[in-house]
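A.B. asks: When you get a sec, could you give me coordinates for this:
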Amino acid sequence: MSSIAVSELEYAPPGADSLFFDVSFGVSPGEHAALVGANGVGKSTILRILSRDYEPDAGDFSINGSSLCMTQDVGMSRPTDTIRQMLIEVAPAELRTAGRTMVAAEAAMLSGEDDGMAFATALSDWGDLGGYELEAQWAAAARRSVKTPIEDFDSRLVSELSGGERKRLVLDLLLNSGADVLLLDEPDNYLDIPTRVWLEEQIKACKSTILMVSHDRALLESVATKIIVIEGSGCWVHGGSYTTFPQARTKRQELLGDALKRWTDEERRLFHHMKIMKQRAAQNFKNATKANAAETRWEKFVAAGPPPPPVPDQFIALKLRGADSARRVVQLDQVSVGDLFFPFSDEVYFGERVGLIGPNGTGKSHLLGALAGTIVADEGRISFGPRTSVGTFTQINDRADFLGRGTFDIVRDRTQEDEKAMKSLARYGLAQHARQEFDTLSGGQKARLEILCLELEGHNVLLLDEPTDNLDIESSEALEQALDGFLGTVIAVSHDRTFLAGLDRFVMIGDDGEVYALPDFDVAMAALATPHEVTRIKLVKKLTGN
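C.D. replies: Modelled structure (predicted):
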């Protein structure tokens, strides 16, 4: 039967303290479980351990049945690869090894480094292991997932597909593979809303046992049948959907009791862990270092004494204040960018929250870039009203002015005082990363730093490109609360349905290049769910009364 069992898993990155320890959970056959927790607690690392990319420092795990894994950056980190190379990386282990060997042997033959014998052998091994049957699955998945037909997987480059197409192709392949177990790391990233709805339907129909990492609250509420929470260096399990998870966590925290009981429970856990490690060291001297580390951890904890009640949750305090501006914030007069969408006009007024939505590749980020002034509109005119100060959040946190600089220095430039800089970093959960360079921060940490800079700069017009993409759930909720109290105007591109539900109105760019003005969230979601141009136009007219 397909299942996952994890017992007392521990892992420390090279040269660092333990990222987590005493992580134990199980996923039963057919369950669709989600790993949740703050950015940086080790969710992706656990998937990499289960896929045998990383070796745990302690603990055991088992996966019953065949398994396939998808990393969160699949198809993104090496855009010069062929589609064949991308798909080989998500193949079963034996075929993955054979595929890599085949690609390397073929390159050597074509460059003249080899006479072709190695390639012939590799090709034979690929066929014997079922490589040609796998290629048939690739072709079927591509027909369902990619707009332009793929004639040759060996020569078509990954970069010729959009990020959403790459992700959907891999997901289609895995979810229809028949594998017993699927390990999916942020499968929703880079997907537009129609494709996220497709993903929900595919996961619910999939008979495989699934363990996934996701920050998409709508997706989790729809498909997760079990929530595995990574926090406090360990984990606990909520045996229900994400819909009931917040209430379950609140109840759990209440049952933990007062600070002394929490401290005592943790001291007992550390002591028990130390005893286990000493027993292992007595049986095998190679475990002596780990046993000493466990004893040091326990001794330091005891020496510190019972602490005051700790904050049980990750606390992110965003304070986007904003300021007053003219009533008409921005006017767009017959604006278009390239041949992405037809010219359109609109006016955005002070205090509005406007969502730019539509399928991937329709030009939403280009329109936001035109508003920010980083892209020149090919037609039309964009003008901002008096007393407007525009701040921009980039989709991939690509800030050239931050590269090579320390987190503290970036923030201090905006506070002019050391103490204020450190307090600001603490409010965003970044104090421990103050001396870290921007380049080395995680995606979620970069996103929080960029939002902090927007706060400190005091803009009253915010242009946000996928602001929740790399944020954990708590940080996304903190951002939404901050925007609720923000004195200013927000224009945002997003595929996060929970985030979009808090906006006032929407501008949708369709695949056909048409631009639609939609009055509310429900109308916007209905329009996005309608793929055909004529049907969509009729629906929009019916829903808006035009």
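
A.B. asks: make it CA atoms for all contacts and neighbour counts henceforth
C.D. replies: Fine.

A.B. asks: Which residue, other than its chain neighbours, is closest to Leu173?
C.D. replies: Ala141 (5.5 Å; CA to CA, 6 or more residues apart in numbering).

A.B. asks: so the one you found touches Leu174, yeah?
C.D. replies: No - using CA atoms under 8 Å as the test, Ala141 is too far from Leu174 to be in contact (9.2 Å).

A.B. asks: if we can go back for a sec, now for the residue nearest to Leu173: which residues touch it?
C.D. replies: Contact partners of Ala141, counting by CA atoms under 8 Å, 6 or more residues apart in numbering, are 169, 172-173.

A.B. asks: next one: Arg505
C.D. replies: 353-355, 517-521.

A.B. asks: hmm, which of those are the buried ones?
C.D. replies: Buried members of the contacts of Arg505, scored by 16 or more other CA atoms under 10 Å, are 353-355, 518-521.

A.B. asks: The stretch 201-350 of the chain: helices as residue ranges?
C.D. replies: With DSSP state H, counting those that start in this stretch as the criterion, the stretch 201-350 of the chain has helices at 217-223, 245-255, 259-283, 288-304.

A.B. asks: The third one: how far from the chain's middle?
C.D. replies: Okay, so that is helix 259-283. 34 Å (CA atoms, centre = their mean, to the nearest Å).

A.B. asks: repeat for the second one
C.D. replies: Centre-to-centre, helix 245-255 and its host chain are 25 Å apart (CA atoms, centre = their mean).

A.B. asks: now for that helix, which elements pack on it?
C.D. replies: Packed against helix 245-255 by the contact rule (3 or more CA pairs under 8 Å, 6 or more residues apart in numbering; DSSP states H and E) you find no helix or strand.

A.B. asks: residue contacts, the nearest residue to Arg321 once chain neighbours are set aside?
C.D. replies: Spatial nearest neighbour of Arg321, chain neighbours left out: Phe486 (5.1 Å); criterion: CA to CA, 6+ apart. Phe486 makes contacts with 319-322, as judged by CA under 8 Å, 6+ apart.

A.B. asks: in the chain, which ranges drop under the pLDDT threshold?
C.D. replies: Within the chain, the ranges that satisfy pLDDT under 70 run 1, 255-259, 306-316, 395-398, 531-546.

A.B. asks: how about the residue in the chain sticking out farthest from the centre, what does it touch?
C.D. replies: Here the chain reaches farthest from its C-alpha mean at Asp115, the gap being 44.4 Å by CA atoms, centre = their mean. By CA under 8 Å, 6+ apart, the contact list for Asp115 reads Met109.

A.B. asks: ok, now how distant is it from Asp512?
C.D. replies: Distance, Asp115 to Asp512, using CA to CA, to the nearest Å: 50 Å.

A.B. asks: now Asp439
C.D. replies: 38 Å.

A.B. asks: More neighbours: the two, which one.
C.D. replies: Asp439 (16 against 13; other CA atoms under 10 Å).

A.B. asks: ok, that one touching Thr407?
C.D. replies: No - checked against CA under 8 Å, the pair Asp439 and Thr407 is beyond contact range at 9.5 Å.

A.B. asks: ranges for the strands of the stretch 1-150 of the chain?
C.D. replies: 3-11, 20-27, 32-36, 58-64, 67-70 (DSSP state E, counting those that start in this stretch).

A.B. asks: what's the longest one in contact with?
C.D. replies: Read it as strand 3-11. With contacts defined as CA under 8 Å, 6+ apart, strand 3-11 is touched by 18-30, 56-65, 180-181, 209.

A.B. asks: Buried subset of these as a PyMOL selection?
C.D. replies: This is the PyMOL syntax for the buried subset of those, where burial follows 16+ other CA under 10 Å:
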select buried, resi 19+20+21+22+23+24+25+26+27+29+30+56+58+61+63+180+181+209
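
A.B. asks: Just name the most buried of the helices of the stretch 201-350 of the chain.
C.D. replies: Highest mean neighbour count of those: helix 217-223, a mean of 18 (counted as mean count of other CA atoms under 10 Å).

A.B. asks: Please name every helix or strand in contact with that helix.
C.D. replies: helix 193-205, helix 497-500.

A.B. asks: Could you tell me how far that helix lies from the centre of the chain?
C.D. replies: 14 Å.

A.B. asks: contacting residues for the closest residue to Ala122 other than its chain neighbours?
C.D. replies: Distances taken as CA to CA, 6+ apart place Met102 nearest to Ala122, at 4.9 Å, with adjacent residues excluded. Contacts of Met102 were listed using CA under 8 Å, 6+ apart, and they are 119, 122-123, 126.

A.B. asks: Closest one of those residues to Lys446?
C.D. replies: Using CA to CA, Trp126 is the member of those that sits closest to Lys446, with 41.5 Å.

A.B. asks: ok, how many other residues are close to the closest residue to Glu466 other than its chain neighbours?
C.D. replies: Among residues not flanking Glu466 along the chain, Ser494 sits closest, at 4.7 Å (CA to CA, 6+ apart). By other CA under 10 Å, the residues close to Ser494 number 24.
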